[in-house]
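Undergrad: got a predicted structure plus its sequence, pasted below:
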Amino acid sequence: MYFVTNRAIRNGKNLKMLGNKPSGEGPNDLRLCEATKSKNKWNIKLIENEATDAMIAEIAKLEKANGTQSSHNGEKKYSSWYVAKKLYFMLKSKKNKKENLVFFVHGFNNNVEDMLNRAHNFSVKYGVEVIPFSWPANGGGVKGSLSYKSDKRDALASLGALDRCLEKITGYLSEFNQEFLSQLRLDLAQNGARSEADAMKLYDRLVGRGCPFTVNLVCHSMGNYLFKHLLKSGSYHGDRLMFDNVILVAADTNNKEHKSWVDKINCRRRIYVTINEDDKALRLSRVKGGEEQQARLGHFPHYLDSSRAKYIDFTDQAQVKNSHAYFEGDSLKNLKVKKFFKEALNGKRAEVGLYYNPESNMYRFSR
């Protein structure tokens, strides 16, 4: 599994390599890491910023195997390009069991191990390839309400890093699409379609080989706070179509006026906002530090007025109870809950089959 982080890099191995504070080069500094799991332990390798000759040669081999005519001789490439290309061809492969891509922004008080375990769970339970964005969300080592406040500060400090990450993803998707279109024109010319009708049939067939997977975004808990402030900032680079589905799970951000930022989200298919009125973590977040905090979007069933979002009510569903992360654990014993997340994370219409209540503007799993 590859992941992106703006955490400080420090002396140490594996999980100890990444710190609890933003990078010393500045909070916008991004690094790519590769994580592998062996005997329930995570091994982490830091990837150098610039792609090596071996990386470039590996991609050239994959391009040739996929019928792409490209030459990278003498070109300077970055490791982000290498990872993006590798994932692109892997997801296109019919041999691959993971059909779609999920970009995951985790929440409050998550260290690197928590983030990796959660992303691994997404991969195993829902059959998706996951790229997490790991920001320093464990309070710099402090605990309790101080940790919560520290995480909020780190979330705001990480806006630029998340923006750069989304900009990279958008850029590579656009680049690969242009490469595909160029190859498509070449294939059309070589096949020599005899008529316009033949050309259109051939075009439709070849387009199906272009990008047969979806790209979806999941923000959990305070990850939504980070995404919200990025959307409201003037620097956001993710306004182009990048994601198919956007799933805002247990959002630890104000319910009040959420329409102002949720309606700015640009996606091809659906925006889902999940709600559990019994969410223990969101109830606690309202009283952090003794300050009165407004109702949280992920647990408040009123003023659900976004014109873009579909609100999904998990309250009182079997096995969900007071869970804050009802996409994992005992909640998945409820097959309807598991089915919803599997469809949503794979870019499908996950609300199909649910019951819509126009009075609350929410979908429920049963009447």
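TA: All right, it came through fine. Residues are numbered from 1 along each chain as shown.
Undergrad: which residues sit against the helix or strand encompassing His229?
TA: Using DSSP states H and E, the element containing His229 is helix 223-232. With contacts defined as Cβ atoms under 8 Å, 6 or more residues apart in numbering, helix 223-232 is touched by 105-107, 135, 152, 155-156, 158-159, 162-163, 219, 236, 238, 248-249, 251-253, 258, 260-261, 264-265, 297-298. Placement of C-beta: from N, CA and C, glycine included.
Undergrad: and if we set it to 7 Å?
TA: Helix 223-232 is contacted from outside by 105-107, 135, 152, 155-156, 158-159, 162-163, 219, 236, 248, 251-253, 261, 264-265, using Cβ atoms under 7 Å, 6 or more residues apart in numbering.
Undergrad: stretch 355-367 now?
TA: 275, 301, 304, 310-313, 317, 336, 351, 354.
Undergrad: helix, strand or coil for the residue nearest to Ala250 when sequence neighbours are not counted?
TA: Among residues not flanking Ala250 along the chain, Gly298 sits closest, at 4.0 Å (Cβ to Cβ, 6 or more residues apart in numbering). Classification of Gly298 using DSSP: H, G, I helix; E, B strand; the rest coil returns coil.
Undergrad: surely Gly298 is in contact with Lys280?
TA: No - contact criterion Cβ atoms under 7 Å: Gly298 and Lys280 do not qualify, at 11.5 Å.
Undergrad: just the strands in the protein please.
TA: 2-5, 7-9, 18-22, 31-38, 41-47, 100-105, 128-134, 215-220, 243-249, 267-275, 309-313, 355-357, 362-364 (DSSP state E).
Undergrad: can I get the third one as PDB, trimmed to CA atoms?
TA: Once side chains and other backbone atoms are set aside, the C-alpha atoms of strand 18-22 remain, and they are given as PDB (Å, rounded to 0.1, in the frame of the first residue of the first chain):
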ATOM      1  CA  LEU A  18       7.000   9.300  11.000                       C
ATOM      2  CA  GLY A  19       6.400  11.900  13.700                       C
ATOM      3  CA  ASN A  20       3.400  13.400  15.400                       C
ATOM      4  CA  LYS A  21       3.900  16.900  14.000                       C
ATOM      5  CA  PRO A  22       4.000  18.400  10.400                       C
END
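Undergrad: and the angle from that strand to strand 128-134?
TA: Here strand 18-22 runs at an angle of 60 degrees relative to strand 128-134 (axes from the mean of the first three to the mean of the last three Cα atoms, to 10 degrees).
Undergrad: Tyr126 is in contact with Phe340, isn't it?
TA: No - taking contacts as Cβ under 7 Å, Tyr126 lies outside contact range of Phe340: 10.6 Å.
Undergrad: who's more crowded, the two?
TA: Per other Cβ atoms under 10 Å, whichever of Tyr126 and Phe340 has more neighbours is Phe340, with 26 against 20.
Undergrad: distance of that one relative to Leu282?
TA: Going from Phe340 to Leu282 by Cβ to Cβ, to the nearest Å gives 19 Å.
Undergrad: same question for Leu345.
TA: 21 Å.
Undergrad: with Ser360 instead?
TA: 18 Å.
Undergrad: also Leu18?
TA: Counting by Cβ to Cβ, the gap from Leu18 to Leu282 is 27 Å.
Undergrad: tell me where the stretch 101-250 of the chain has helices.
TA: When assigned using DSSP state H, counting those that start in this stretch, the helices of the stretch 101-250 of the chain occupy the ranges 112-126, 144-157, 159-191, 196-207, 223-232.
Undergrad: weakest of these by average pLDDT?
TA: Out of the helices of the stretch 101-250 of the chain, helix 196-207 stands lowest, with a mean of 54 (criterion: mean pLDDT).
Undergrad: returning to that earlier point: which one's more surrounded, Gly298 and Lys280?
TA: Counting neighbours by other Cβ under 10 Å for Gly298 and for Lys280 shows that Gly298 has the greater number, 26 against 13.
Undergrad: report the helix or strand with the lowest average pLDDT across the protein.
TA: Taking mean pLDDT, DSSP states H and E as the measure, the helices and strands of the chain show their lowest mean at helix 196-207, namely a mean of 54.
Undergrad: the more surrounded of Ser360 and Leu282?
TA: Neighbour totals were compared for Ser360 and Leu282, and Leu282 leads with 25 against 14 (other Cβ under 10 Å).
Undergrad: isn't that one right up against Asp252?
TA: Yes - the criterion here is Cβ under 7 Å, and Leu282 meets it with Asp252 at 6.1 Å.
Undergrad: shared neighbours, the two?
TA: Joint contacts of Leu282 and Asp252 (Cβ under 7 Å, 6+ apart) are 296, 298.
Undergrad: returning to what we had before: just the buried residues of the contacts of helix 223-232.
TA: For those, a neighbour count by 16 or more other Cβ atoms under 10 Å gives the buried set as 105-107, 135, 152, 155, 158-159, 162-163, 219, 236, 248, 251-253, 261, 265.
Undergrad: show me what contacts Cys165?
TA: With Cβ under 7 Å, 6+ apart, Cys165 has these contacts: 4, 30, 133.
Undergrad: per-residue pLDDT, the last one?
TA: We have a pLDDT of 95 for Phe133.
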